[in-house]
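> return atomic coordinates for the entry below.
(2 chains)
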Amino acid sequence: GQNIDQPTEMTATEGAIVQINCTYQTSGFNGLFWYQQHAGEAPTFLSYNVLDGLEEKGRFSSFLSRSKGYSYLLLKELQMKDSASYLCAVTQPSGGYSTLTFGKGTMLLVSP
Amino acid sequence: ETGVTQTPRHLVMGMTNKKSLKCEQHLGHNAMYWYKQSAKKPLELMFVYSLEERVENNSVPSRFSPECPNSSHLFLHLHTLQPEDSALYLCASSQDPGGQYNQPQHFGDGTRLSIL
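Presented below is the predicted three-dimensional model:
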């Protein structure tokens, strides 16, 4: 079966650093996405990892270890606008297209 | 961003009504998706269309009927829904990977559906 786990909620302070973990057990793997979703809005793409290691993109970085079935999203210099749900999703091959399996999301609350 | 547009944003309907959700993408993608998002549950894939053909149906009840008339438009026809169908319905599009799986899906803002 497919299983993607991430913490339900996290809190952090403005200006701090926070790490959101994601572990996965899936029947196939062709990469891992992180999305950000503000309340009432569309999920928006943050990062994609397919090889082991760290991908850095401004204040956001994402790490992948395929052997451990583990990823994390690192947010630096937190801002109030970073309060949102962060979704971990694994992409799997299915014929000639890909499907995404999502975790339940981690609700991050950034306080002053 | 107006890449993927969904209408209506909110919909309240009775269990005997028939309604349709609409999705339009302006990104030139050739794959489109319907997802259901319920509280405290992960996004659930409902339907996938690639090159206007339905390629996956994740055992969705027949009271949900998708339609993809062309690569830019996707509909979800609803009839005789149940209270447990109340949720946020999200549409997404992507460039059909054809072996390249790093293409992200772009989502619309969703339709908040409430069944009375």
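
> CA atoms for contacts and neighbours, from now on please.
Will do.

> now for the residue nearest the centre of chain B: which residues touch it?
When Cα atoms, centre = their mean is applied to chain B, the residue found nearest the centroid is residue B:34 (2.5 Å). Shown here is residue B:34, whose contacts under the criterion Cα atoms under 8 Å, 6 or more residues apart in numbering or on different chains are B:45, B:46, B:47, B:48, B:89, B:90, B:91, B:92.

> partners of it in the sheet?
residue B:47, residue B:91 (DSSP bridges).

> picking up where we left off before, by neighbour count, which of the contacts of residue B:34 wins?
Within the contacts of residue B:34, neighbour counts (other Cα atoms under 10 Å in any protein chain shown) peak at residue B:91, which reaches 32 neighbours.

> for it, give me its contacts.
In this structure, residue B:91 makes contact with B:4, B:6, B:23, B:32, B:33, B:34, B:35, B:107, B:108, B:109, B:110, judged by Cα under 8 Å, 6+ apart.

> now the fourth one: which helix or strand?
Read that as residue B:32. strand B:31-37 (DSSP states H and E).

> so what strands line up beside the helix or strand hosting residue B:75?
Assigned by DSSP H and E, residue B:75 belongs to strand B:73-79. Within its sheet, strand B:73-79 is paired with strand B:18-25 (antiparallel), strand B:64-70 (antiparallel), according to DSSP bridges.
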